[in-house]
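Participant: Here is my input, please return the structure:
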Amino acid sequence: MKTLALLFLLISTSFTPDTILGKWANSDKTKELTLVKNGDTYTGTSEGKEILQHLVYNNGSYTGKVYLPKRNQTFNCTIKLKGDDTMEITVKVGFMSQTKVWTRIK
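Facilitator: Okay, here's the model as predicted:
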């Protein structure tokens, strides 16, 4: 029975690259982000601006660029899904990084 439960857990938490598609909200629900597929990459838009760019899926995470409109700059980012409805976006600037949690809008 334990083996069956473990197998079910592994199957239910496995992701496909397209699991990221859909609408997401930041932690305080003030921003929405829509992720779509463009060929082999993924793009995220918010308020008509392309915020996440050139995301490529590899070994359970996505790497690409994030555009920060307040700074008018683009930085490297990594996205990891933490379950079907939670993702962490980590932005790296030099030796520093910051991670934000987003949840799926249903």
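
Participant: Look up which residues are beta-bridged to the residue positioned nearest the centre of the chain.
Facilitator: By Cα atoms, centre = their mean, the mean C-alpha position of the chain lies nearest to Ile79, the distance being 4.3 Å. With DSSP bridges applied, Ile79 shows beta-bridge pairing to Tyr62, Ile89.

Participant: Model confidence for it, exactly?
Facilitator: At Ile79, the predicted lDDT confidence score is 98.

Participant: contacting residues for it?
Facilitator: Ile79 sits next to 20, 52, 55, 61-64, 87-90 when contact means Cβ atoms under 8 Å, 6 or more residues apart in numbering. All C-beta spots, glycine's among them, are computed from the backbone N, C-alpha and C.

Participant: now do His54
Facilitator: 41, 43, 64-65.

Participant: thinking again about what came up before, neighbour-wise, give me the winner out of the contacts of Ile79.
Facilitator: In terms of neighbour count, Leu52 stands highest of those at 25 neighbours, by other Cβ atoms under 10 Å.

Participant: which element is it on?
Facilitator: Assigned by DSSP states H and E, Leu52 falls within strand 49-58.

Participant: Regarding Thr19, what is its secondary structure?
Facilitator: helix (DSSP: H, G, I helix; E, B strand; the rest coil).

Participant: Quick one: neighbours of Lys92, just the number.
Facilitator: Lys92, neighbours per other Cβ under 10 Å, totals 14.

Participant: Roughly how far does it sit from Glu32?
Facilitator: Noted for Lys92: a distance of 24 Å to Glu32, by Cβ to Cβ, to the nearest Å.

Participant: got it, and Gly22?
Facilitator: 11 Å.

Participant: what is in contact with the two at once?
Facilitator: Taking Cβ under 8 Å, 6+ apart as the criterion, Gly22 and Glu32 both touch Ile105.

Participant: all strands for the chain, in order.
Facilitator: For the chain, strands defined by DSSP state E occupy the ranges 22-26, 32-38, 41-46, 49-58, 61-68, 73-81, 86-93, 96-104.
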